[in-house]
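Q: Quick check, what structure comes out for this input:
(one chain, ligands or ions: 3)
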Amino acid sequence: MPVPLQASPARLWTDIDALSALREPVAPGWTRPFLSPSFVRSRGWVAERMRAAGLEASVDAALNVIGVWPGMSPRRPALMTGSHTDTVEGGGRFDGVAGVVAAIEVVRLLQEAGLALERDLVVVDFAGEEPNAFGLSCVGSRALSGQLEERHLALRDPEGTRLDDALAAAGGDPAAATRLGWQPGSIAAFVELHIEQGPILEAEGLDLGVVDSIVGIDRCAVELRGRPDHAGTTPTRLRRDALCAAAPLITWVESAADAHGLGTVGAITVEPGSLNVVPAAARLGIELRSAEEGWLDRTRAGLEACAREAAERRGVDAVLSWQEREPPVHCDDDVREAIAQAVRDGGLTPRRMASGAGHDAAMIAAVAPIGMLFVPSAEGRSHAPQEWTDPEHLARGTEALARTLLALDGGSTAA
Ligand code: HGY
Ligand code: MN
Ligand code: MN
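A: Ligands and ions are numbered 1, 2, ... in the order given. Predicted coordinates for the structure are as follows:
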């Protein structure tokens with residue numbers, strides 16, 4: 001008979017609400033981007049909540065907040081859980097945050113149930129999960145999985161600042177961050193609770209999702225360079241209009257969506273951006289997402305062909321710069337089944353599903369078996385101030401996360 005575990009919706013909401021106060025003052029929604037002042041302040045806040053719950057907490061060289069709840073047999077491979085608390089611009093209060101506050105609540109409710117784990121439980125708030133101005137996502141989980149390299153630290157933002165200099169300025173230690181990698185075998189399993197960021201659970205009236213796979217992501221910066229001209233005296237046939245060259249790429253990306261993948265043009269800038277000057281340059285930020293690398297390869301080739309054709313037609317130059325692919329990742333079968341059983345033990349139905357969002361778990365998969373647990377998102381909204389997850393739903397997810405960790409611990413020990 002499973003141990004009755006009771007998470008507190010009130011405690012979960014109190015943590016989420018308090019953390020949401022740490023945001024950039026002039027930005028929309030709840031904006032706490034990687035390396036921003038509010039992000040740097042959040043390191044101390046998360047570490048303090050971990051310590052208050054009984055974890056030994058510290059901030060590492062990559063600005064991950066790492067809490068450890070010591071197990072009875074600390075020499076065994078540890079269990080790891082957690083997520084991120086950095087946000088997109090104009091984001092919500094739950095993306096990533098739900099998984100961090102739930103992980104801390106797991107430690108509280110296990111202690112309240114008089115239980116201890118055999119294995120150390122490592123709770124992580126990963127730094128910089130969201131894509132940033134340096135063109136690199138999952139900075140903290142990349143570091144903890146031994147995948148943060150010098151070439152990443154040399155990446156520059158649009159102002160020319162290097163990532164290592166920005167990380168150091170925020171209190172990190174970039175050189176040490178490249179040496180944070182956990183050894184394969186040192187983590188028995190990593191389980192991340194996250195909001196679904198989509199409409200399925202709510203539409204089907206279900207409480208918890210169990211993730212099969214995490215989407216692969218290609219990101220591309222397209223620069224189209226034409227020629228500035230007078231907007232009143234230059235006939236269309238003589239123009240080399242960079243923005244008009246960009247237009248077919250935008251609609252092409254939209255039309256590439258099918259049952260296997262989809263793309264988004266999420267950013268556009270125009271130079272010089274004056275109404276009476278024919279655009280000399282246009283820059284697009286594009287993402288392609290699919291669970292299938294073949295779809296990404298084909299769509300990437302299609303976009304490059306479209307850009308070549310559009311550039312030739314308008315006499316402009318086109319340069320496409322692709323970021324490092326985040327490959328699609330499958331969750332570990334045993335971890336996924338442990339999550340599904342934990343959901344059933346809570347009297348709920350585990351809804352198996354793919355993740356169209358990227359996650360730190362995809363990075364940690366390089367050094368540990370991973371699994372993910374989803375809680376519902378109201379109206380499927382995320383990456384928007386309207387993002388909402390009912391604390392009751394989050395409490396059920398937290399209890400399932402606790403039961404999953406107990407099962408993966410290989411038998412819990414009464415404290
Ligand atoms: O972009 C994503 O899918 C995630 O929210 N970072
Ligand atoms: Mn996100
Ligand atoms: Mn997220």
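Q: just checking, Val316 touches Glu223?
A: No - counting by Cβ atoms under 8 Å, Val316 does not reach Glu223; the two are 9.9 Å apart. Where C-beta positions appear, they are placed from N, C-alpha and C, glycine not excepted.
Q: Which one's more surrounded, those two?
A: Between Val316 and Glu223, counted using other Cβ atoms under 10 Å, the more crowded position is Val316 (26 against 18).
Q: residue contacts, that one?
A: Val316 is in contact with 224-227, 240-242, 245, counting by Cβ atoms under 8 Å, 6 or more residues apart in numbering.
Q: any idea how far ligand 1 is from it?
A: Using Cβ to the nearest ligand atom, to the nearest Å, one gets 30 Å for the distance from Val316 to ligand 1.
Q: Grab the nearest non-local neighbour of that residue.
A: Counting by Cβ to Cβ, 6 or more residues apart in numbering, Gly226 is the residue found nearest to Val316 once chain neighbours are left out, at 4.0 Å.
Q: Do you know the pLDDT at that neighbour?
A: Per-residue pLDDT puts Gly226 at 98.
Q: how about the helix or strand that contains Ala188, does it reach ligand 1?
A: Using DSSP states H and E, Ala188 falls within strand 187-195. No - Strand 187-195 stays clear of ligand 1 (Cβ under 6 Å from any ligand atom), getting no nearer than 8.8 Å.
Q: Tell me the helix or strand right after that strand.
A: Using DSSP H and E, the helix or strand that follows strand 187-195 towards the C-terminus is helix 200-203.
Q: rewinding a little: what sits against the residue nearest to Val316?
A: By Cβ under 8 Å, 6+ apart, the residues touching Gly226 are 239-242, 245, 278-281, 314-317.
Q: what's the pLDDT at the residue of the stretch 1-150 of the chain found nearest ligand 1?
A: The nearest approach of the stretch 1-150 of the chain to ligand 1 comes at Glu130, 5.0 Å away (Cβ to the nearest ligand atom). Glu130 is assigned 98 on the pLDDT scale.
Q: pretty sure it contacts Leu136?
A: No - the criterion here is Cβ under 8 Å, and Glu130 misses it with Leu136 at 10.3 Å.
Q: What distance do you get for Gly226 to ligand 1?
A: 31 Å.
Q: and that residue, what are its phi and psi?
A: Backbone torsions for Gly226, taken as degrees, to the nearest 10, come to phi -110, psi -130.
Q: So which bits of the stretch 51-200 of the chain are right by ligand 1?
A: 95, 129-130, 137.
Q: Spell out which parts of the protein neighbour ligand 3.
A: 95-96 (Cβ under 5 Å from the ion).
Q: Closest residue of the chain to ligand 1?
A: Across the chain, no residue is closer to ligand 1 than Ala357, which sits at 3.5 Å (Cβ to the nearest ligand atom).
Q: With adjacent residues omitted, what lies nearest to that residue?
A: Per Cβ to Cβ, 6+ apart, closest to Ala357 is Gln197, 4.9 Å.
Q: I'd like to check which residues are in contact with the one you found.
A: Shown in contact with Gln197 (Cβ under 8 Å, 6+ apart): 95, 356-357, 377, 380, 382-383.
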